[in-house]
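Engineer: Model the structure of this input:
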Amino acid sequence: MSRPAFEGATETAVAALGLSRSKDLAGLFAQGRSRDRILTELATPGVREAVAALCDAMESESVPSPEAAAYVRGYVAALRRSRETVRVRTVWSGPSTPAVPVRATAQVLVEVIDEARHELLAMTYAARPYPALTRALTAAADRGVRTHVVVETLAGAGGLLSGREPAEAFASVPGLLLWVWARVPAERGRSRQHAKLAVADRRTLLLGSANLTESAARRNIEAGVLVTGGEAPRRTAEHIVELQRLGILRPYPPHQASD
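Structural biologist: From the prediction side, this is the model:
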């Protein structure tokens, strides 16, 4: 029997809880714990609402606790297996070739941002205001995605970038946190923050030559890869977070608070 409300609420709750805590939820269902006990056990901000909605769906569609436990465990196992499956596709900007269909950078970049539900990390050398990118980042902020972007600075580029600071391209996106490489004076002018990537929820990684600019996404010839699942997206995100923790990346401007 199909129970669409329960199945949809399970998907939302697992996304909010993560795989490990979702197994805890299944355990509470298996033990026949009350709604109040379950909400007390899983009272993390942003999680309680999703778990409450799942309990409501169980009641409205008469899903017994043992069945709910089995369904959540099965869903978690399937999701874990799908995340371990690695898929790698090429991504291109510039002229297309009808005989060789490929994904376009502009489209894939927005899709990666749209896919994020909890965390989005990005790095770019150059950046310019780009309406499609700004809209996608703003929508991500509206749904509560924590977004961090590492940029180069004009000073750090040693004269190889001109115009406005790359950071200004993101000024209109609410809640977005900017970071720069905290080089020592001896390194300035001799090194560049040249990485270009975006990683969503530590599961999907877009890595390539394209900066976060419209010309790179649409007009230049740029190449990259889109990696879904496996270790690469997770390890990329972990490396960026560790660079932040160690102070190698610092908030920009310096008084900006990080979360």
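
Engineer: Grab the nearest non-local neighbour of residue 47.
Structural biologist: residue 16 (4.9 Å; C-beta to C-beta, 6 or more residues apart in numbering). C-beta here means a position set from N, CA and C on the backbone, and glycine is covered the same way.

Engineer: Do I have it right that the one you found meets residue 48?
Structural biologist: No: the criterion here is C-beta atoms under 8 Å, and residue 16 misses it with residue 48 at 9.1 Å.

Engineer: Comparing these two, which residue is more hemmed in?
Structural biologist: Applying other C-beta atoms under 10 Å to residue 16 and residue 48 shows that residue 16 carries more neighbours, namely 21 against 15.

Engineer: so what's that one up against?
Structural biologist: Neighbouring residues of residue 16 by C-beta atoms under 8 Å, 6 or more residues apart in numbering: 46, 47, 50, 51.

Engineer: pretty sure the second one is in contact with residue 17, am I right?
Structural biologist: Right, residue 47. Yes: under the criterion of C-beta under 8 Å, residue 47 makes contact with residue 17 at 5.8 Å.

Engineer: okay, the two: which has more neighbours?
Structural biologist: Of the pair residue 47 and residue 17, residue 17 is the one with more neighbours under other C-beta under 10 Å, namely 22 against 17.

Engineer: Pull up the gap between the more buried one and residue 249, please.
Structural biologist: 29 Å (C-beta to C-beta, to the nearest Å).

Engineer: now residue 156
Structural biologist: Counting by C-beta to C-beta, the gap from residue 156 to residue 249 is 12 Å.

Engineer: With residue 209 instead?
Structural biologist: Residue 209 is 21 Å from residue 249, by C-beta to C-beta.

Engineer: Between the two, which is the more surrounded one?
Structural biologist: Ranked by neighbour count (other C-beta under 10 Å), residue 209 and residue 249 place residue 249 first, with 21 against 15.
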